[in-house]
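Trainee: no FASTA, just this:
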């Protein structure tokens, strides 16, 4: 479904990604793990078009179409939604309006079915339809950010640090929901600091270190890998 | 009742009748109240039209522009040239003024709206200076001497009808799909692109509509004062309009209306203070911003406030925690 080939990205003269190649096939949950500053978020932002690859040889293919250098709104229209790092809900809009904005790319009016789907995954959002998003708790904001992304009916959902700043119990809940969303038919690419949880729910994983992919494999195998256990699982 | 109001034919009819009512009532008022007050009312109207335009750019979309006077001057000169040099009717001149400003707004919007925040403010400031200097050096505008002999065709009913028209359009835009996208850009530009909003498109839309309003305001201004010169449209004029929007409450249409009334009439009300007038005026601004940092009506949900004031019980709302 999604394929990155030799993607380079720079911030000015600083190179953040050195020829990253990775692949996500339909139906999978793929995790991208790594330390701070490894380039995880940069990778996601490049996929969704917020950043442009710095090299002409970089190729990003989504649904058999090249999407590198295309504007973000067109990529969303193609069925790729990005839940940005730090949630970034619209604070002065209600929960309902936030969800409505999520359906913006689909033109016309969103149908009730879209809202129902989001409420099915996040019943808590339904209770707070009219509340301003800025007054939600961190966990609820994360749910809203994910719900908002789902409103675009994506076939691929990319999540940037869904566990950031959340209480452990909430993190568990969010990860269960991610699994549910995947079971309901959405492919997921996930960036996560919490390598333990990420490896638990994903099929495959890539390990990113200073802008390069150093390891890749089945999540189960990586979870047993000695180096990974030392560096990322704290054992 | 609600269903009826949602019908677009009903909406259009309602809208037209409001316009007609405004035109009628203001032409009656025109004959009753003294010309001095009428003049103040006229300037409140003109400032309000321009401020509503800037409110869309800065208040709703969140793009700080310090060059609104430039669009006003483009509208003023374009309309003056149309009515004086080409003998076109006044209202056509106003339309030409608005369109000219809107078009330049789009052209300027493409390069500058890539910038954000302070950088955009500086860029628009620079653009406004270029426009002013350009008008000072053009032959057709009669340069620094000023453009003379414009007919004083602007009347109170015309201004007020355009005011009502602008307010209706702004309310309609804010509640439309496009308006929501503009609001989202103000709230969080990155999140907006991530949910699939074409941020450049909506920013330019807001800029074009806002500039159009400034152009219309400028055209009405030119046909009120009958004489315009480039210094009328300096940096301070941009700041004046921005103050109306900020003082009223960024993004609030009722706020902008109150802001235009307060800030346009204050210098007149304070006239008896003679030399101290502008000191008190400045003080007024400072005091308002200290006590109402989000503007007079900033952060006020008017519908809720009215309901509370009239003691109408709230409708059952799902889990609105307050």
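Mentor: Noted; the coordinates are in hand. All values derive from a computational prediction rather than experimental measurement.
Trainee: so what's the residue in chain B positioned nearest to chain A up against?
Mentor: Chain A sits closest to residue B:196 of chain B, with a gap of 3.0 Å, by Cβ to the nearest Cβ. Quick note: C-beta positions are derived from backbone N, CA and C, even for glycine. Counting by Cβ atoms under 8 Å, 6 or more residues apart in numbering or on different chains, residue B:196 makes contact with A:72, A:73, A:76, A:77, A:81, A:104, A:105, A:152.
Trainee: hey, what's the residue most central in space within chain A bridged with?
Mentor: Central residue of chain A (Cα atoms, centre = their mean): residue A:159, 1.5 Å from the mean position. Applying DSSP bridges to residue A:159 gives these bridge partners: residue A:83, residue A:190.
Trainee: if we ignore the residues flanking it in sequence, what's nearest residue 177?
Mentor: Using chain A. residue A:121 (5.5 Å; Cβ to Cβ, 6 or more residues apart in numbering or on different chains).
Trainee: you answered for a different chain; I wanted chain B.
Mentor: Closest to residue B:177 by Cβ to Cβ, 6+ apart is residue A:104, at 7.2 Å.
Trainee: go on, residue B:104?
Mentor: residue B:74 (5.6 Å).
Trainee: thought residue B:107 was touching that neighbour, still the case?
Mentor: No: here residue B:74 does not reach residue B:107: they are 11.0 Å apart, not a contact under Cβ atoms under 8 Å.
Trainee: between the two, who's got more neighbours?
Mentor: residue B:74 (27 against 13; other Cβ atoms under 10 Å in any protein chain shown).
Trainee: which element is that one on?
Mentor: Under the criterion of DSSP states H and E, residue B:74 resides in helix B:68-80.
Trainee: and that helix, what does it pack against?
Mentor: With contacts defined as 3 or more Cβ pairs under 8 Å, 6 or more residues apart in numbering or on different chains; DSSP states H and E, helix B:68-80 has these neighbours: helix B:35-54, helix B:90-112, helix B:117-137, helix B:199-225, helix B:235-248.
Trainee: chain center to that helix, what's the gap?
Mentor: Computed by Cα atoms, centre = their mean, to the nearest Å, the separation of helix B:68-80 from the middle of its chain amounts to 13 Å.
Trainee: quick one: average pLDDT of that helix?
Mentor: Helix B:68-80 carries an average pLDDT of 97.
Trainee: orientation of that helix relative to helix B:90-112 in degrees?
Mentor: Interaxial angle, helix B:68-80 versus helix B:90-112 (axes from the mean of the first three to the mean of the last three Cα atoms, to 10 degrees): 140 degrees.
Trainee: related to what we said a few turns ago, wait, the residue nearest to residue A:177 touches residue A:182, no?
Mentor: No: in this structure residue A:121 lies outside contact range of residue A:182 using Cβ under 8 Å: 11.0 Å.
Trainee: who in chain A is up against chain B?
Mentor: A:48-50, A:71-73, A:76-77, A:81-84, A:88-93, A:97, A:100-102, A:104-105, A:126-131, A:135, A:148-149, A:151-152 (Cβ under 8 Å from any Cβ of the partner chain).
Trainee: quick one on the thing from earlier: tell me the SS of the residue of chain B closest to chain A?
Mentor: With DSSP: H, G, I helix; E, B strand; the rest coil as the basis, residue B:196 sits in coil.
Trainee: per-residue confidence at residue 8?
Mentor: This is for chain A. Looking at residue A:8, the pLDDT reads 93.
Trainee: not quite, go with chain B.
Mentor: pLDDT, residue B:8: 79.
Trainee: count of neighbours near it?
Mentor: So residue B:8, with other Cβ under 10 Å, has 8 neighbours.
Trainee: cool, and residue B:86?
Mentor: Neighbour tally, residue B:86, other Cβ under 10 Å: 10.
Trainee: could I get the phi/psi values of it?
Mentor: phi -110, psi 0 (degrees, to the nearest 10).
Trainee: now do residue A:209
Mentor: Dihedral angles (degrees, to the nearest 10) for residue A:209: phi -140, psi 130.
Trainee: I figured it hits residue A:35, correct?
Mentor: Yes: the pair residue A:209 and residue A:35 qualifies as a contact (Cβ under 8 Å) at a distance of 7.1 Å.
Trainee: number of nearby residues for residue A:18?
Mentor: Applying other Cβ under 10 Å, I find that residue A:18 has 16 neighbouring residues.
Trainee: can you give me the buried ones in the helix or strand residue B:167 falls within?
Mentor: For residue B:167, the enclosing helix or strand under DSSP H and E is helix B:156-174. Within helix B:156-174, the residues that count as buried by 16 or more other Cβ atoms under 10 Å in any protein chain shown are B:156-167, B:169-170, B:173-174.
Trainee: which SSE is immediately downstream of the lowest-mean-pLDDT helix or strand in chain B?
Mentor: Within chain B, no helix or strand scores below helix B:2-6, which has a mean of 68 by mean pLDDT, DSSP states H and E. Beyond helix B:2-6 on the C-terminal side, the first helix or strand identified by DSSP H and E is helix B:8-32.
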